[in-house]
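1. Need the 3D shape of this:
(one chain, ligands or ions: 2)
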Amino acid sequence: MPTELTWLGHASWQLNTGKHALLIDPFLDDNPVATVKSKDVAADFILCSHGHFDHVADAAKIANRTGGTIVSNYEISEWFAKQGVKNTLGMNLGGSASLPFGRVKMTIAFHSSQLPDGSYGGNPGGFLISLTKGPRIYFACDTALFGDMKLIGSAGIDLAVLPIGDLFTMGPKDSIEATKLLSPSRVVPSHFNTWPPIAQDPQVWAEMIRSNTTAVPIVLKPGEKFSF
Ligand code: NI
Ligand code: MN
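-> Ligands and ions are numbered 1, 2, ... in the order given. Here you go, the predicted structure:
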């Protein structure tokens, strides 16, 4: 069964292993480019990279409907648990967890993480997901470029999802440097074209990836999926 990655728009992703449905940073109902609503998505696990609204907005709603587990840093997991979410898993940077679909490691990210109600949201992170007998996928999530991406890439990455929107995260040029450090087989852009301040041309970006790195760029439209 191939692994299926669907862009839900902005930084929201669905990863389907064939057995398990994972959601990353679900922000759907108030997302101007999302093609699905939170009531229509499946989720066994919901991974939240940091506390900003455009990453946690629909996580509790989806977890309560599906019974899925929210995986995030300790502070954000506790915040969801206090709101009545039954299944949460708190992690922290550098830590890994074995889950039914494989192993998840919480990686560093350079960003901020305040929760929508002003609560402290701990440190922002990314996720390195090693599917059992399947590919390894790195979600950098919201971050600046950092040199330790070289260490993260040393695990061998089949697919990296990188922000390219600029302003709040790294922009296209830094994502080229990130791709060189990570040296993934494939790279997918995220966190752009949701609102005018983070508008980017993904085809220009893809051409930069092709001419400067060994990775294959994969550009999706919201709602589109890719199997690998
Ligand atoms: Ni953010
Ligand atoms: Mn964001």
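
2. Close to ligand 1: what parts of the chain are there?
-> Residues of the chain found near ligand 1 (C-beta under 5 Å from the ion) are His52, Asp142. Every residue, glycine included, has its C-beta placed from N, CA and C.

3. Would you map the helices across the chain?
-> Using DSSP state H, the helices of the chain run over 53-56, 59-66, 74-82, 149-153, 172-182, 202-212.

4. I'd like these laid out as a markdown table, including mean pLDDT and distance to ligand 2.
-> Shown next, in a markdown table, are the helices of the chain (pLDDT from 0 to 100; distance: least, C-beta to the ion, whole Å):
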| stretch | mean pLDDT | distance to ligand 2 |
| --- | --- | --- |
| helix 53-56 | 98 | 4 |
| helix 59-66 | 98 | 14 |
| helix 74-82 | 98 | 14 |
| helix 149-153 | 98 | 18 |
| helix 172-182 | 98 | 15 |
| helix 202-212 | 98 | 17 |
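
5. Output those helices in CSV; the columns should cover distance to Gly121 and mean neighbour count.
-> Formatted as CSV, these follow (distance: least, C-beta to C-beta, whole Å; neighbours: other C-beta atoms under 10 Å):
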stretch, distance to Gly121, mean neighbour count
helix 53-56, 8, 21
helix 59-66, 12, 20
helix 74-82, 6, 19
helix 149-153, 22, 18
helix 172-182, 23, 21
helix 202-212, 29, 15
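
6. Turn those helices into a markdown table, including distance to Leu128.
-> What follows is the helices of the chain, written out as a markdown table (distance: least, C-beta to C-beta, whole Å):
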| stretch | distance to Leu128 |
| --- | --- |
| helix 53-56 | 17 |
| helix 59-66 | 20 |
| helix 74-82 | 18 |
| helix 149-153 | 6 |
| helix 172-182 | 10 |
| helix 202-212 | 20 |
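
7. out of those helices, nearest to Ser12?
-> helix 53-56 (8.2 Å; C-beta to C-beta).

8. So what's the predicted local confidence for Val216?
-> Predicted confidence (pLDDT) for Val216: 98.

9. That one: how many residues sit nearby?
-> Neighbour count of Val216, defined by other C-beta atoms under 10 Å: 14.

10. cool, and Ala43?
-> Ala43 has 23 nearby residues by other C-beta under 10 Å.

11. Phi and psi next, for the residue lying closest to it once chain neighbours are set aside.
-> Spatial nearest neighbour of Ala43, excluding adjacent residues (C-beta to C-beta, 6 or more residues apart in numbering): Gly68 at 3.9 Å. The phi and psi values for Gly68, taken as degrees, to the nearest 10, are phi -60, psi 160.

12. Looks like Gly68 contacts Lys61 (just checking).
-> No - taking contacts as C-beta atoms under 8 Å, Gly68 lies outside contact range of Lys61: 10.8 Å.

13. and Ile157, what does it touch?
-> By C-beta atoms under 8 Å, 6 or more residues apart in numbering, the contact list for Ile157 reads Leu128, Arg136, Ile137, Tyr138, Leu182, Ser183, Pro184, Ser185.

14. from memory the third one sits against Leu5, does it?
-> Spelled out, it's Ile137. Yes - using C-beta under 8 Å, Ile137 and Leu5 qualify as a contacting pair, with a distance of 7.4 Å.

15. if we can go back for a sec, between the helices of the chain, which gets nearest to Gly18?
-> The nearest among the helices of the chain, by C-beta to C-beta, is helix 59-66 at 17.5 Å.
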